[in-house]
Structure formats: C-alpha cells, structure tokens
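# Sequence and computational prediction follow.
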Amino acid sequence: IMTIEEFIGKEIDSLDRGIVATPKTRENLDAFARANYGSTDMVLTQMAVQYGYKLALQNVSDELKQITN
C-alpha cells in the first residue's frame with residue numbers, strides 16, 4: 001500500500017514527464033504566456049492546469065509534514 005507521501009511524490013514526478021511541460025514556477029508560466037502572445041492557448045491552458053495541480057499537491061505534502069512532525 002502506497003503512503004500519501006509516496007502518492008504525492010509519484011504524482012508530482014509524473015507532471016514532469018508529460019507531453020506538456022509543467023512550469024517549475026509561476027514566473028516560468030508567466031514568461032511563457034508573455035512570449036507566445038496567445039499563439040498556443042491550448043498548451044498554455046494545460047500548463048496552467050498542471051501547475052495548479054502541482055501547487056495543490058505540494059501544499060498537501062507540506063501540511064502532512066507539519067502534522068507528522
């Protein structure tokens with residue numbers, strides 16, 4: 001049985017191996033949005049969704065670490 005921490009780590013890792021790259025930071029996402037001038041809105045939307053999911057997983061992971069310490 002996988003622990004919650006293992007699940008979160010696996011999900012975050014999978015975001016980095018997808019067809020669409022998950023931005024490492026909000027600044028990277030913003031820079032991509034400025035650079036493409038709306039020419040690849042579908043890619044930008046997917047990047048934003050993946051980045052949001054990554055942030056959510058990281059927040060849950062941080063909260064679990066605080067609870068278990």
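Yes, it's here.

# Look at the residue nearest to Asn36 when sequence neighbours are not counted and say how many residues are nearby.
Nearest residue to Asn36 in three dimensions, chain neighbours excluded: Leu44, at 6.7 Å (Cβ to Cβ, 6 or more residues apart in numbering). Where you see a C-beta, it was placed from the backbone N, CA and C, and this is true even at glycine. Residues lying near Leu44 (other Cβ atoms under 10 Å) number 17.

# before we move on, which element is Leu44 in?
Assessed by DSSP states H and E, Leu44 sits inside helix 41-68.

# can you pull the buried residues of the host helix or strand of Leu29?
Take DSSP H and E as the rule and Leu29 turns out to sit in helix 26-36. Going by neighbour count (16 or more other Cβ atoms under 10 Å), the buried part of helix 26-36 is 29, 32-33.

# Can you give me the pLDDT of the residue nearest to Asn36?
Per-residue pLDDT puts Leu44 at 84.

# hmm, who's touching stretch 22-41?
Here stretch 22-41 makes contact (Cβ atoms under 8 Å, 6 or more residues apart in numbering) with 15-16, 43-44, 47-48, 50-51, 54.

# now the angle from the lowest-mean-pLDDT helix or strand in the chain to helix 41-68?
In the chain, no helix or strand scores lower on mean pLDDT, DSSP states H and E than helix 26-36, which sits at a mean of 85. Angular relation of helix 26-36 and helix 41-68 on a 0 to 180 degree scale: 180 degrees, by axes from the mean of the first three to the mean of the last three Cα atoms, to 10 degrees.
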